[in-house]
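J.: output the structure for:
(2 chains)
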Amino acid sequence: MANNEQTHSHFPWSHVIGFALSIILTLFALWVGFESGLSNTMIIVVVVALALFQAAIQLLMFMHISESEDSKYQVGTILYSLFIAVAVVAGSIWVMSFGMDHMHMPM
Amino acid sequence: MKWDEFFVTGDPLIYGADVSIALTLIGVIFVLTYFKKWKWLWTEWLTTVDHKKLGIMYVIAAVLMLFRGGVDALLMRAQLTVPDAGFLDSTHYNEIFTTHGTIMIIFMAMPFLIGLMNVVIPLQIGARDVAYPFLNAVSFWTFFMGAMLFNISFVIGGSPSAGWTSYVPLAGLELSPSVGQNYYLLGLQIAGIGTLLTGINFLVTILKMRAPGMTLMKMPIFTWSTLITCVIIIFAFPVLTVALALMTFDRLFGSHFFTLMDGGMPMLWANLFWIWGHPEVYIVILPAFGMFSEIISTFARKTIFGYKAMVYSMVVIAGLSFLVWVHHFFTMGAGGAVNSFFSITTMLIAVPTGVKIFNWLFTLYKGRIRFTSAMLWSLAFIPNFVIGGVTGVMLAMAAADYQYHNTYFLVAHFHYVLISGTVYACFAGLHFWYPKMFNHRLNEKLGKWTFWIFVAGFNLCFFPMYFLGLAGMPRRVYTYGAADGWMSLNVLATMGGILMGIGFLILVYNIYYSFRYSPRETTGDPWDGRTLEWSTAAPIPFYNFAHVPEVKGHDAYWIAKKEGTDKIKKPYKPIHMPSNSGVPIIMSTFFFISGFGMVFSWHWMSIAGLIGVLATMVMRSFDYDKGFYVSVEEIEKLEQTTK
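T.: Residues are numbered from 1 along each chain as shown, chains lettered A, B, ... in the order given. Below is the predicted model of the structure:
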């Protein structure tokens, strides 16, 4: 009910481009993982880079991060998201790395 | 697949359930047809986007699930009362504790709280509906279909039996080859969509749709707690979505994320599960805190003590809730540094929680207290929750946890926080806001009977479990020997469980009795309330507020009553309202079909269901219905029939 009155008469190009780019980047990551023949370290670096790129696309194309008038909220939200992301990802790696040396991961 | 593999066979309890399900279905269909109510059901309820009606449906579904989960609990208590009992076999017992845990958390506690949020939040902030009413209906129906998918498992295909935490490798394909675990994965996945949408919906509603004058620091505490809960939902639920999807891939498509072989990491499941699971605990406790704050303030006839401290303590709890998850598996043995870190963060949470406890006590201090049923639940919450909280700090010490882990000490702890926190709050909130939902109060006398019997039963059931745990009784065992010496405390616990069951039955009878005999409300303010929901009329019109209220403080209605500004009439303006839609229930039914297909690996069915989901989404995208306006004449007519 809040903002239903806004009209969306123009064609949603940014959504279509964002959607297409997301699919292409995902397929590319898949190809890098299975077919590229790069070293494992290189694969991880490329896939992480692609993931960050895709996250940026999502924020720009779907979340409209550049369209807000109130930058205070945006900065707060992004900082909190980063905090959670770091806590979850770095925390998981820290917690799960225990005992990995005798699990013989095929790295 | 033969029919006797499809339906669960061989157990008289299950046959009894089959018969009762069939009879209930026939009964419902007969009543609806006989009274010609099908069209009424469809237009008034199944297609509604009204937050109050969706809230009522959430609460009804939650009470039904409380019954199912409660029956599971009583079956477990029956089996454990005496040593070497043969009432349930080990498999059946495993299935029952799995469904008990899953249903109580995902399909009882959350929908109960979300249902009350649905009814109350728009009213409390002076809004006419939520930000996305259509999405709200999608939330409800995906939750409902997810819950139904999970619930049919015990008669079709077999229940999951790996615990509500579903740790691998036990929940993996090798050790749980039946379809039961798939029901868990798909049921939670579909219901999780609804929860995530609710989180987004209420976050936007609270941030964007508050009445003029209601700044963030003038919001009622329950609105604050909901806002913070929404933030936790938005950050926590995607983790569950991913974890469930990965295990679904493992089980259905042969991937190796959590398997023992081929580089899988079984403990990664526990890690991901609790990254969601611990914030989930706060998702079900923070709204409860909010409700107790409202009720204690109303019936102590004082504004809440330490409003700012209440808000900041909730913010701190929300932040810390993402930093403590490892305390659920200290015994994995991740080493001293990891365990110490998570031990300290866990103990830190006791600080803001303690602040809240003292604020409630100081709100009561020198208040003129009215002992209504809602207030009794809130008062009993404080000492009982403190017992749960203090034993929680004991569990937080990693070294000591090696003793308590997986014993009844832990079972007692989390039931003390979840029942005296969340369940008491659900009952308190139900009594408190019942007049807003159904235009009559619950009978106070029956309400007090429920209260005393349930609270006595609860303490009798779970307090002995602390000592059972210290005496070494492990959780999730289906029987024990006479030589263990655990029988007397188990008998006490079972007696407590029976009392809780009786308390629940009185509550259900109270709902029927009050529907028949309670006087209808003559004003919208039965408790001399403090916040805006009590300024609405009785019965409450579908647009909530004929005039959007002005807010001057966090007890907005109380201030208006004191200043005499609550009755001022201005000329009405046309009100914009959203239209009903059948798309949410149809879309969710396709989700159900797709999920059911995936459970049995019938891929034609799951793909057909997903196509249906997509088709309804496309349908919605081309729906240009922008709602309708309620004319001034209509508002005047409606306002005359209400008080």
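J.: buried sites along the top helix by length along chain A?
T.: For chain A, the helix reaching the highest residue count under DSSP state H is reported as helix A:71-96. Within helix A:71-96, the residues that qualify as buried are A:Gln74, A:Ile84, A:Ala87, A:Val88, A:Gly91, A:Ser92, A:Val95, A:Met96, counting by 16 or more other CB atoms under 10 Å in any protein chain shown. (Glycine included, C-beta is placed from N, CA and C.)
J.: now these as JSON lines including distance to B:Met265?
T.: Converted to JSON lines, the buried residues of helix A:71-96 look like this (distance: CB to CB, whole Å):
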{"residue": "A:Gln74", "distance to B:Met265": "36"}
{"residue": "A:Ile84", "distance to B:Met265": "22"}
{"residue": "A:Ala87", "distance to B:Met265": "19"}
{"residue": "A:Val88", "distance to B:Met265": "16"}
{"residue": "A:Gly91", "distance to B:Met265": "15"}
{"residue": "A:Ser92", "distance to B:Met265": "10"}
{"residue": "A:Val95", "distance to B:Met265": "11"}
{"residue": "A:Met96", "distance to B:Met265": "7"}
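J.: before we move on, the earlier item: for the longest helix of chain A, what is the distance to the chain centroid?
T.: Its chain's C-alpha centre and that of helix A:71-96 lie 13 Å apart, by CA atoms, centre = their mean, to the nearest Å.
J.: packing partners for it?
T.: Counting contacts by 3 or more CB pairs under 8 Å, 6 or more residues apart in numbering or on different chains; DSSP states H and E, helix A:71-96 packs against helix B:221-253, helix B:266-299.
J.: what angle separates that helix from helix B:221-253?
T.: Counting by axes from the mean of the first three to the mean of the last three CA atoms, to 10 degrees, helix A:71-96 lies at 50 degrees to helix B:221-253.
J.: between helix A:71-96 and helix B:266-299, how big is the angle?
T.: 130 degrees.
J.: export the buried residues of helix A:71-96 to CSV and tack on pLDDT and distance to B:His51?
T.: Formatted as CSV, the buried residues of helix A:71-96 follow (pLDDT from 0 to 100; distance: CB to CB, whole Å):
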residue, pLDDT, distance to B:His51
A:Gln74, 80, 28
A:Ile84, 93, 29
A:Ala87, 93, 33
A:Val88, 93, 32
A:Gly91, 93, 37
A:Ser92, 92, 37
A:Val95, 91, 40
A:Met96, 87, 42
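J.: pull the most distant pair out of those.
T.: The most widely separated members of these, counting by CB to CB, are A:Gln74 and A:Met96 (32.3 Å).
J.: which stretches of the chain have low pLDDT?
T.: Just so you know, I chose chain A. A:1-9, A:99-107 (pLDDT under 70).
J.: can you look at chain B instead?
T.: For chain B (pLDDT under 70), the answer is B:1, B:568, B:643.
J.: strands along that one, start to end?
T.: Using DSSP state E, the strands found in chain B span residues B:575-577, B:628-630.
J.: okay if I get those as CSV plus distance to B:Ala608 and mean neighbour count?
T.: As requested, the strands of chain B are exported to CSV (distance: least, CB to CB, whole Å; neighbours: other CB atoms under 10 Å in any protein chain shown):
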stretch, distance to B:Ala608, mean neighbour count
strand B:575-577, 35, 19
strand B:628-630, 35, 14
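J.: got those as TSV, with distance to A:Phe11 columns?
T.: Listed next are these as TSV, based on distance: least, CB to CB, whole Å:
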stretch	distance to A:Phe11
strand B:575-577	27
strand B:628-630	28
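J.: and of those strands, who's closest to chain A?
T.: strand B:575-577 (6.9 Å; CB to the nearest CB).
J.: the closest one pairs with which strands?
T.: When pairing is defined by DSSP bridges, strand B:575-577 lines up against strand B:628-630 (antiparallel).
J.: need phi/psi at A:Met63.
T.: When read as degrees, to the nearest 10, the backbone of A:Met63 gives phi -90, psi -10.
J.: ok, how many other residues are close to residue 20?
T.: Using chain A. By other CB atoms under 10 Å in any protein chain shown, 11 other residues sit near A:Ala20.
J.: to clarify, I was referring to chain B.
T.: 10.
J.: over to B:Glu633?
T.: Counted with other CB under 10 Å, B:Glu633 comes out at 10.
J.: same thing with B:Thr531?
T.: Neighbour count of B:Thr531, defined by other CB under 10 Å: 25.
J.: with the one 10 residues further on instead?
T.: Neighbour count for B:Pro541, taken as other CB under 10 Å: 19.
J.: can you name the residue of the stretch 1-150 of chain B nearest to chain A?
T.: Nearest residue of the stretch 1-150 of chain B to chain A: B:Ala131, at 4.5 Å (CB to the nearest CB).
J.: thought that residue was touching B:Thr198?
T.: No - judged on CB atoms under 8 Å, B:Ala131 makes no contact with B:Thr198 at a distance of 11.4 Å.
J.: and those two? which has more neighbours close in?
T.: Each of B:Ala131 and B:Thr198 has its neighbours counted (other CB under 10 Å); B:Thr198 has more, 31 against 22.
J.: enumerate every residue touching the nearest residue to the more buried one once chain neighbours are set aside.
T.: Nearest residue to B:Thr198, sequence neighbours excluded (CB to CB, 6 or more residues apart in numbering or on different chains): B:Ser139, at 4.5 Å. Contact analysis of B:Ser139 by CB atoms under 8 Å, 6 or more residues apart in numbering or on different chains lists B:Leu54, B:Ile114, B:Ile193, B:Gly194, B:Thr195, B:Leu197, B:Thr198, B:Asn201.
J.: closest to B:Thr81 out of these?
T.: Distance to B:Thr81 across the contacts of B:Ser139 (CB to CB) is lowest for B:Ile114, with 34.9 Å.
J.: do you know how far that closest one is from B:Thr229?
T.: Between B:Ile114 and B:Thr229 the computed distance is 9 Å (CB to CB, to the nearest Å).
J.: got it, and B:Tyr402?
T.: Separation of B:Tyr402 from B:Thr229 (CB to CB): 33 Å.
J.: between those two, which is the more surrounded one?
T.: B:Thr229 (30 against 12).
J.: contacting residues for the more buried one?
T.: B:Thr229 touches B:Gly199, B:Tyr282, B:Ile283, B:Leu286, B:Pro287, counting by CB under 8 Å, 6+ apart.
J.: got the contact list for the closest residue to it other than its chain neighbours?
T.: Of all residues beyond its chain neighbours, the one nearest B:Thr229 is B:Leu286 (4.8 Å), with distances taken as CB to CB, 6+ apart. Contacts for B:Leu286 (CB under 8 Å, 6+ apart) come out as B:Ser225, B:Ile228, B:Thr229, B:Ile232, B:Met314, B:Ile317, B:Ala318.
J.: I'm done for today, thanks for sticking with me.
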